[in-house]
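Undergrad: this one's structure only:
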C-alpha cells in the first residue's frame, strides 16, 4: 500500500511516486507513462487498425500470423527498426515538414519477430507468444505488444 505517496518496491526502493493532481492520482513512473502513451497511439489509430484487420482477413484467412505495426520512425527504437523494414525509404521530407513519420501496415509475425529480436528480445518473445493477431506499437522509447 502507498505510504506517504510512495508505492514500495519489493527491494525496498520506491517503484513509483503518487501525486494527487485535481483529485486524480497520476503515477510518476516513466515505464507506466510510456506504456500508456503507446496505448493512446493504439486508440488514436482505431480506424486504421479496423481497416488493417479487415484487410488481413481478406488476404490470408487465419490472422494469427499477421501483425499490425504502428511505428514512429523518429523513436529511438523506431529508427533502427524502420531501417530494417524499409531500408531505402527516405524520411527526411516528412521531418523537414515537421511531421511525425509513422510506418503503419501489415507484416508477418515471423518477419517482425526477427527484426524486433535484434532491437528488443523481450518484445520479440512477447510477439512470438501471441496466439492471435497482434498490434505492435513503437513510440515513446517503448515497444508494446497488444492483442488486435
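TA: Received the coordinates, thanks. Just so we're clear, the structure is a prediction, and the values are computed from it rather than from any experiment.
Undergrad: can you give me the buried ones in the helix or strand encompassing residue 49?
TA: If you go by DSSP states H and E, residue 49 is part of helix 46-60. Of all the residues in helix 46-60, those buried under the rule 16 or more other Cβ atoms under 10 Å are 49, 52-53, 56. C-beta: built from backbone N, CA, C; applies to glycine.
Undergrad: what sits up against that helix?
TA: The contact list for helix 46-60 (Cβ atoms under 8 Å, 6 or more residues apart in numbering) reads 42, 63, 66, 68, 70, 104-106, 133, 135, 148.
Undergrad: so what strands line up beside the next helix or strand after it?
TA: Going down the chain from helix 46-60, the next helix or strand is strand 66-72, by DSSP H and E. Sheet pairing of strand 66-72 (DSSP bridges) gives strand 102-108 (antiparallel), strand 134-139 (parallel).
Undergrad: hmm, who's touching the following helix or strand past strand 66-72?
TA: Proceeding C-terminally, strand 66-72 gives way to helix 78-85 as the next helix or strand, assigned by DSSP H and E. Applying Cβ under 8 Å, 6+ apart, the contact partners of helix 78-85 are 69, 71-73, 89, 91, 103, 107, 111, 115-116, 118-119, 138-139.
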